[in-house]
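Trainee: Need coordinates for the following:
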Amino acid sequence: MLFYPAIFEPDEKSGYVAHFPQFGGFTQGETIEETKEMCEDLLISYLEDYFDMDKEIPMPDKIQKGQYAIALPTLMVAKVLLHNELVKRNINKASLARLLDASPAEVQRIMNLRHNTKINTIDRAFEALGKQLKLSLA
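Mentor: Prediction:
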C-alpha cells in the first residue's frame, strides 16, 4: 500500500474539511472516519485524472505530524506503477495492447483504477515491458 498525506481541519458548522497537500482540492465528512472515506474517493479521482492526462503520478510525500495517512489499496498501487512506467517510456494503451497480444478493451480495464483486475494480469503487463512486479511483506 501507499499512504498519501491529508490534512483534516474542523469545519465551522460541523464535521471536518480535508485536502491533499500534493493535489489540492477539498472534501468533507461529518466524522473522522467518514472524512477518511471521502478522502479515499477523492484520491482515486485525482489519480484517474493523471491517468487520463497520461501524466506521471507522484509518489506520496512523507506523512507529517497532524496529517492523516490515506491508503491506496495494493492493486491500485500496482496500476499506478504500471501507469508511471508507461508514461516514462511514452507507451500508449494501444501499444501495450499489442505487447500483450490483448484487445484494447482489456487494456482499458487493466488501466482502470476501479476495475478489479487480477494481479497476474498486471504482472503480465510488467513482464511485457521487461519489468518484474515484486510484492513484499512488511
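Trainee: Bridged to residue 3, which residues?
Mentor: Taking DSSP bridges as the rule, residue 3 bridges to residue 71.
Trainee: Kindly report the same for residue 19.
Mentor: Assigned bridge partners for residue 19, using DSSP bridges, are residue 7.
Trainee: For it, give me the pLDDT.
Mentor: On the pLDDT scale, residue 19 is placed at 97.
Trainee: so it makes contact with residue 26?
Mentor: Yes: if you go by C-beta atoms under 8 Å, residue 19 and residue 26 touch, sitting 4.8 Å apart. The C-beta positions use only the backbone N, C-alpha and C, and glycine is treated the same way.
Trainee: Mind checking which of the two has more residues around it?
Mentor: Comparing residue 19 with residue 26 by other C-beta atoms under 10 Å, the one with more neighbours is residue 19, at 17 against 12.
Trainee: Helices of this protein, start to end?
Mentor: Here the chain has its helices, by DSSP state H, at 32-52, 74-89, 93-100, 104-110, 119-128.
Trainee: the inter-axis angle of the lowest-mean-pLDDT helix or strand in the chain versus helix 32-52?
Mentor: Sorting the helices and strands of the chain by mean pLDDT, DSSP states H and E puts strand 24-29 at the bottom, at a mean of 93. Angle, strand 24-29 to helix 32-52, by axes from the mean of the first three to the mean of the last three C-alpha atoms, to 10 degrees: 150 degrees.
Trainee: Okay, now the sheet partners of strand 24-29, with direction.
Mentor: Here, using DSSP bridges, strand 24-29 pairs with strand 16-20 (antiparallel).
Trainee: from the middle of its chain, how far away would the partner strand be?
Mentor: Averaging C-alpha positions (C-alpha atoms, centre = their mean, to the nearest Å) puts strand 16-20 18 Å from its chain's average.
Trainee: Much appreciated, bye for now.
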